[in-house]
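Trainee: I would like the atomic coordinates for the input below:
(2 chains)
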Amino acid sequence: RKEVEQDPGPFNVPEGATVAFNCTYSNSASQSFFWYRQDCRKEPKLLMSVYSSGNEDGRFTAQLNRASQYISLLIRDSKLSDSATYLCAVNPSGGYNKLIFGAGTRLAVHP
Amino acid sequence: GAVVSQHPSWVICKSGTSVKIECRSLDFQATTMFWYRQFPKQSLMLMATSNEGSKATYEQGVEKDKFLINHASLTLSTLTVTSAHPEDSSFYICSAQQGARYNSPLHFGNGTRLTVT
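Mentor: This is a model prediction of the structure:
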């Protein structure tokens, strides 16, 4: 079983739609969790950290479910510019900030 | 904001040659840097953790003699792909940790696309 798993998609949604991605992790001792956005042939950029109580940043909401070992990302009112691959990342050890990435979920927002 | 510069952005080399990739933290000191590799449509795979002044820690399955890592200063880590082969063609990305805590911000370089012919 992979340490971090995501549905690869693609998710094809119209502008204005709400879309949710899930990511599961295998190490129950994992300490910190993140969502990154990666555009084609570019480096990943941090979208948001994921906190235990859930957190929101504009149209983006991230949640963590430790009991079921998954994190989620909700995007409301999708924009064309949201089209990208979304990677979840998990720090399994709490030591160095050593991130294990999921394979990413591809989102395509169309007019 | 913090910037990590990676050089070169892309490189094409012949099979059997070695390629050096540099990762620099421009406005902060990074005692720890990480090297990742990403094949098309796949995840970023952690190759190694680079610590300033000490030997790198390699992930399982990554050949330390093939992927030489040097972290000689607090702002520079280098990855040398020795005797490169076509299967080493990939996107190599470094990241630098700003701070010593486990949740310190990670800043990524812009990546190096390596093509071995």
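
Trainee: for residue 33, give the beta-bridge partners.
Mentor: Assuming you mean chain A. A:Val50, A:Val90 (DSSP bridges).

Trainee: that's the other chain; I wanted chain B
Mentor: B:Met33 forms beta bridges with B:Ser50, B:Ala96, as assigned by DSSP bridges.

Trainee: wouldn't it be in contact with B:Ile93 here?
Mentor: No. Judged on CB atoms under 8 Å, B:Met33 makes no contact with B:Ile93 at a distance of 10.9 Å. C-beta coordinates here come from the backbone N, C-alpha and C atoms, glycine included.

Trainee: where do the strands sit along chain A?
Mentor: Ranges of strands within chain A are A:4-6, A:11-14, A:19-25, A:32-38, A:45-50, A:55-57, A:60-65, A:70-75, A:84-91, A:100-101, A:105-110, based on DSSP state E.

Trainee: sorry, back to before: between B:Met33 and B:Ile93, which one's more packed in?
Mentor: Legend: neighbour count by other CB atoms under 10 Å in any protein chain shown for B:Met33 and B:Ile93, higher for B:Met33 (30 against 26).

Trainee: could you list every residue that touches that one?
Mentor: Residues counted as contacts of B:Met33 (CB atoms under 8 Å, 6 or more residues apart in numbering or on different chains) are B:23, B:25, B:49-50, B:71, B:77, B:94-97.

Trainee: do A:Glu15 as well
Mentor: A:Glu15 neighbours (CB under 8 Å, 6+ apart): A:78-80, A:109-111.

Trainee: just the residues you listed now: which is nearest chain B?
Mentor: Among those, A:Val109 lies closest to chain B (CB to the nearest CB), at 19.3 Å.

Trainee: wait, doesn't the closest one sit right on A:Val13?
Mentor: Yes. Between A:Val109 and A:Val13 there is a contact under CB under 8 Å: 5.7 Å.

Trainee: more neighbours: these two, which one.
Mentor: For A:Val109 and A:Val13, the more surrounded residue by other CB under 10 Å is A:Val109, and the numbers stand at 20 against 17.

Trainee: give me every residue in chain B lying close to chain A.
Mentor: Neighbours of chain A within chain B, by CB under 8 Å from any CB of the partner chain: B:32, B:34, B:36, B:41-46, B:49, B:91, B:93, B:95, B:97, B:101-106, B:108-111, B:113.

Trainee: of those residues, which belong to strands?
Mentor: Going by DSSP E, the strands hold B:32, B:34, B:36, B:44-46, B:49, B:91, B:93, B:95, B:97, B:106, B:108, B:113 from the residues of chain B next to chain A.

Trainee: could you list the low-pLDDT ranges of chain A?
Mentor: In the predicted model of chain A, residues A:94-96 satisfy pLDDT under 70.

Trainee: go again using 50 as the cut-off
Mentor: Low-confidence segments of chain A, defined by pLDDT under 50: none present.

Trainee: check contacts around B:Leu74.
Mentor: Applying CB under 8 Å, 6+ apart, we find B:Leu74 in contact with B:25, B:29-31, B:52.

Trainee: got the contact list for the nearest residue to A:Asp57 once chain neighbours are set aside?
Mentor: Nearest residue to A:Asp57, sequence neighbours excluded (CB to CB, 6 or more residues apart in numbering or on different chains): A:Met48, at 5.2 Å. Neighbour list for A:Met48: A:34-35, A:55, A:57, A:60, A:62 [criterion: CB under 8 Å, 6+ apart].
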